[in-house]
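# how does the following fold in three dimensions:
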Amino acid sequence: MSYYSYKAVNIDGAVVKGFIEADSIDSVYDDLVSKGLNILDVKKVSTVISKVKRYVTSKGVKRIDVIECVRNLTVMLRAGIPLLSALEDTIQTTDNRHLKAALTDIKNEVELGTSFSDALEHQKGVFPDIFIRLARVGETTGRLEQSFSDVADHLQRLEDLSQAIKRALFYPAFAIITTAGALIFWLVYVFPKIMVVIKEMGVKIPALTQALMVVSTVMTRYWYILTALLVGIVIAYKIAKHNERMRYFLDMLSIRLPIIKLVIYNKLLALFSEQMRILIVAGMTIDRTLDIIAGVIGNSIFKKAIISIKENVSLGSRISDALKQHAIFPPLIVRMVNIGETSGSLDTQFSFLSTHYIKRLDDVSERLGKIIEPVLITIVGLIFILMIMAILLPVYELVSKVGKM
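Below you'll find the predicted structure:
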């Protein structure tokens, strides 16, 4: 798929310009004509500009913008307002220019006879795939407003999950950054000035103080090497994530290391449960659902387990029995899925599980600060005790020397 820039005249006689993603220039002409535009010019955009445009478009629309848009459409459809009128009202009240442009294109296509789901599919960079799937289900069942409501609930759960993770990581990140900043400032700016005074007094420098002087000198004179080393570590980590064995090892660490696993493991369970719920609601088969989740779960350990579960289910195994074979899925999930299979309420059970694990992440975010705080205080305390001793030991030598005179 490539991006093309176009210049055309709409049905009102106004000149419009824009970008469109398509397989070929012929597809661009067909698409623009189907929207009722009289084409003046079409040019293929360079690959770099295409990637930048795709990135800007996808990042320009936040999940919360889409949630608000879908909720507005749901309310208006339930009130009996026609889809085109609902789209027009939503366009009028949308501030995000990328979202406004996408909705305008969708409205124009629907006016020309394109189905809403097909029009949505042309805006994949803005709207998530699950929105397209559920819109198609809604058009088939005649309950488009219910599909919109399900999409809004799903996106809101994902937003809650994202916010819970940010809350959980905020305090540790803030504490580590501020502590490191204070330590660097002390070693680079304060400590060297103190040592100049001590050296002028001719005092014998203890080993601890000399060691800190070496650290301070290295940080002051060779800061660019340290910066390059940090950048190198980040790059090495990125490269390691592309290596299958290293990625598997790192993903294993993320769900086993103390404290870190509280966030990562609960996040993965919440994501698995929520994706299962919404894809079942969308009418996807279980094997196809598991296939999609394996591609978006973002953890090699979970991905391998989900692929294995899919294979077992395809061979006739019950989902709960397949889940039971993998220790990464706790007994609660196995029990709830078993109940769902027996009662025919899998979507309800996964809804409960999704809510449960998002709530657990919220609890973790509240407790994480209390867990990490004593550890950080101990480490910081030890560091500053060493710094104070490094300064006081030469002073003690000086006082002792003066006392003997």
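
# for this structure, which spans come out with low pLDDT?
Residues of the chain meeting the criterion pLDDT under 70: 1-2, 12, 18-19, 21, 35, 45-59, 397-405.

# number of nearby residues for Ser317?
15 (other C-beta atoms under 10 Å). To be clear about C-beta, it is placed using only N, CA and C from the backbone, and glycine gets the same treatment.

# double-check that it belongs to a helix.
No. Using DSSP: H, G, I helix; E, B strand; the rest coil, the assignment for Ser317 is coil, not a helix.

# which phi and psi values does it adopt?
Phi and psi for Ser317, reported as degrees, to the nearest 10, are phi -70, psi 150.

# element containing the residue most central in space within the chain, please.
Nearest to the mean C-alpha position of the chain, by C-alpha atoms, centre = their mean, lies Ser162 at 6.7 Å. Using DSSP states H and E, Ser162 sits in helix 144-185.

# tell me what that helix is packed against?
Helix 144-185 sits against helix 63-78, helix 129-141, helix 260-281, helix 346-404, with contacts defined as 3 or more C-beta pairs under 8 Å, 6 or more residues apart in numbering; DSSP states H and E.

# follow-up on the earlier one: ok, and the closest non-adjacent residue to the residue nearest to the centre of the chain?
Using C-beta to C-beta, 6 or more residues apart in numbering and skipping residues adjacent in sequence, the residue nearest Ser162 is Arg63, 7.5 Å away.

# dump the residue contacts of the spatially closest residue to Phe148 that is not a sequence neighbour.
Once flanking residues are discounted, Phe148 sits nearest to Thr74: 4.2 Å by C-beta to C-beta, 6+ apart. Thr74 is in contact with Glu145, Phe148, Ser149, Ala152, counting by C-beta atoms under 8 Å, 6 or more residues apart in numbering.

# and for Lys62?
When contacts are counted by C-beta under 8 Å, 6+ apart, Lys62 touches Asn96.

# need the phi and psi values for it.
Torsion angles at Lys62 (phi, psi; degrees, to the nearest 10) stand at phi -80, psi 160.

# repeat for Pro128
Main-chain dihedrals, Pro128, degrees, to the nearest 10: phi -70, psi 160.

# same check, this time on Pro330
Per-residue torsions, Pro330: phi -70, psi 160 (degrees, to the nearest 10).

# got a list of what it touches?
Leu269.

# hang on, the residue nearest to Ser162 packs against Gln163?
No. With contact defined as C-beta atoms under 8 Å, Arg63 does not reach Gln163; the gap is 10.3 Å.

# number of nearby residues for the closest residue to Asn38 other than its chain neighbours?
Distances taken as C-beta to C-beta, 6+ apart put Val9 closest to Asn38, at 4.4 Å, once the chain neighbours are dropped. For Val9, the count of nearby residues is 14 (other C-beta under 10 Å).

# repeat that for Gly340.
Close neighbours of Gly340, defined as other C-beta under 10 Å, add up to 22.

# that one contacts Ser351, correct?
No. Using C-beta under 8 Å, Gly340 is not in contact with Ser351, being 9.9 Å away.

# could you chop this structure up by domain?
The chain breaks down by automatic domain parsing into domains covering 2-59, 61-127, 155-405.

# just name the most buried of those domains.
Scoring those by mean neighbour count under mean count of other C-beta atoms under 10 Å gives domain 61-127 as the most buried, with a mean of 18.

# circling back: tell me which of the helices and strands packed on helix 144-185 lies nearest to Ile177.
Between Ile177 and these, the shortest gap by C-beta to C-beta is with helix 346-404, which sits at 11.6 Å.

# that closest one versus helix 144-185: what angle between them?
Angle of helix 346-404 versus helix 144-185, following axes from the mean of the first three to the mean of the last three C-alpha atoms, to 10 degrees, is 10 degrees.

# next, the angle helix 260-281 makes with helix 346-404.
Angle, helix 346-404 to helix 260-281, by the same axes, to 10 degrees: 160 degrees.
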